[in-house]
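Chemist: just coords:
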């Protein structure tokens, strides 16, 4: 599988470096294809890593990971739209609005979600929401936690969810709990209103939940 | 400690029966003080159990548990307000709106919460939000789950949170994670948007989360 990671911030670089470490050809996409962070990553990544535009990266890949701030998510998928047709698009974004400080509010919630808005913006992509509820440290190294924990997944395309499940298991995660269609992003994103409170209470973002039955 | 449970539905009866089983004098409060469900509970409960009005129950108790549907919560605390002054008021409610079917939406969220609205409606009460994220089965018998799990708690009054923590530990729970002030109810209530999806995916409400660090 060839991967694209859209976004050259901390989360995007952590994901792209993980993919390269597993031997996957990985394209990072940025707005200009010459961001300092992206060039530094590509220099480190070696032969498997390439810096490109959002569209160039998406066109090169089989699986595209969207790892930008929620406020940029729709603009980025629109910029990459020609490369996203038929592709698995992993949506890691959260519609966080920090304009009134910490903890953030959500800019969309309850009756709608960013996951649904992304699927509507690129109807030809097979959007899968997952990983939005983890720090980037735990995303790429779940073994750092003291016990196994659970991921959740949502999307309208069962085959795309199976592809993403395989990717997560390769990273060391347990198979995620399938919440159903992309509209379950409402729940996955609302969790951030609790996650940010737990972050404050625990003093770290390096935690996750385990579903106990 | 003397307890009141406001609400004679499934959740209220489970809580009140638990309290009686632990040897605590318990008043159930209902709108009319002669509901069939309340009278049946009082007959079963024996000498420790009394059915009363919302106000009568609150006046009799040291700790008051609010266990009514979210849509009734404010009217009930207003009806009981004279008995709630200085009391610990445990808010188990969720602002769930099922008018558009399942899963429900929230009738208040993001910038506000029902927990905050309840505290504002009875400023003399010491409101503590907890237990809203569990089925009534697991509320009163956490040992039914296969592993220890975590509760969360929020409120402006540290002493009231300590009193409620002691109650929860008596019921078999681990000490809850303290999320801070009553405004953290925003997170605790938003969790229901995910809880209802998990309920659908797992096919049961008898689950909880364990925080893994």
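Modeler: In hand now; what should we look at? Since this is a predicted model, take the numbers as computed values, not measurements.
Chemist: gap between the helix or strand containing residue A:90 and the chain center?
Modeler: Using DSSP states H and E, residue A:90 sits in strand A:88-91. How far strand A:88-91 lies from its chain's middle: 7 Å, per Cα atoms, centre = their mean, to the nearest Å.
Chemist: repeat for stretch A:48-58
Modeler: Stretch A:48-58 sits 16 Å away from the centroid of its parent chain (Cα atoms, centre = their mean).
Chemist: do the same with stretch A:118-138
Modeler: Stretch A:118-138 sits 5 Å away from the centroid of its parent chain (Cα atoms, centre = their mean).
Chemist: mind listing what the residue nearest the centre of chain A touches?
Modeler: Against the mean C-alpha coordinate of chain A, by Cα atoms, centre = their mean, the closest residue is residue A:92 at 2.5 Å. Neighbouring residues of residue A:92 by Cβ atoms under 8 Å, 6 or more residues apart in numbering or on different chains: A:11, A:15, A:65-67, A:130-132, A:139. For glycine as for every other residue, the C-beta is placed from the backbone atoms N, C-alpha and C.
Chemist: now swap in residue A:83 and tell me
Modeler: The contact partners of residue A:83, taken as Cβ under 8 Å, 6+ apart, are A:4, A:54-61, A:64.
Chemist: Tell me which of these fall in helices.
Modeler: The members of the contacts of residue A:83 that map onto helices under DSSP state H are A:54-60.
Chemist: Show me which pair in the residues you listed is furthest apart.
Modeler: Greatest spatial distance among the ones in helices among the contacts of residue A:83 (Cβ to Cβ): A:54 and A:60, at 11.2 Å.
Chemist: Please say which of these two ends up with more neighbours.
Modeler: Neighbours per residue, other Cβ atoms under 10 Å in any protein chain shown: of residue A:54 and residue A:60, the larger number sits with residue A:54, 28 against 18.
Chemist: Now do the same contact list for that one.
Modeler: Contacts of residue A:54 by Cβ under 8 Å, 6+ apart are A:6, A:29-31, A:76, A:79-80, A:83.
Chemist: Kindly provide the distance from it to chain B.
Modeler: Counting by Cβ to the nearest Cβ, to the nearest Å, the gap from residue A:54 to chain B is 30 Å.
Chemist: again, but for residue A:128
Modeler: In terms of Cβ to the nearest Cβ, residue A:128 sits 15 Å off from chain B.
Chemist: a strand runs through that residue, doesn't it?
Modeler: Yes. Counting by DSSP: H, G, I helix; E, B strand; the rest coil, residue A:128 falls inside a strand.
Chemist: Strands of chain A, start to end?
Modeler: Secondary structure of chain A by DSSP state E: the strands cover A:3-6, A:26-30, A:49-53, A:63-66, A:88-91, A:96-97, A:105-106, A:126-130, A:152-155, A:177-178, A:208-212.
Chemist: Tell me what angle the helix or strand bottoming out on mean pLDDT in chain A forms with strand A:49-53.
Modeler: Of all helical and strand segments in chain A, the minimum by mean pLDDT, DSSP states H and E falls on helix A:36-45, at a mean of 96. Relative orientation of helix A:36-45 versus strand A:49-53 (axes from the mean of the first three to the mean of the last three Cα atoms, to 10 degrees): 160 degrees.
Chemist: Same question for helix A:36-45: list its buried residues.
Modeler: Neighbour-count burial for helix A:36-45 flags A:37-38, A:41-42, A:45 (criterion: 16 or more other Cβ atoms under 10 Å in any protein chain shown).
Chemist: Of all the helix elements in chain A, which one is longest?
Modeler: helix A:185-202.
Chemist: packing partners for that one?
Modeler: Where contact means 3 or more Cβ pairs under 8 Å, 6 or more residues apart in numbering or on different chains; DSSP states H and E, helix A:185-202 is packed against strand A:105-106, helix A:114-121, strand A:126-130, strand A:152-155, strand B:152-155, strand B:177-178, helix B:185-202.
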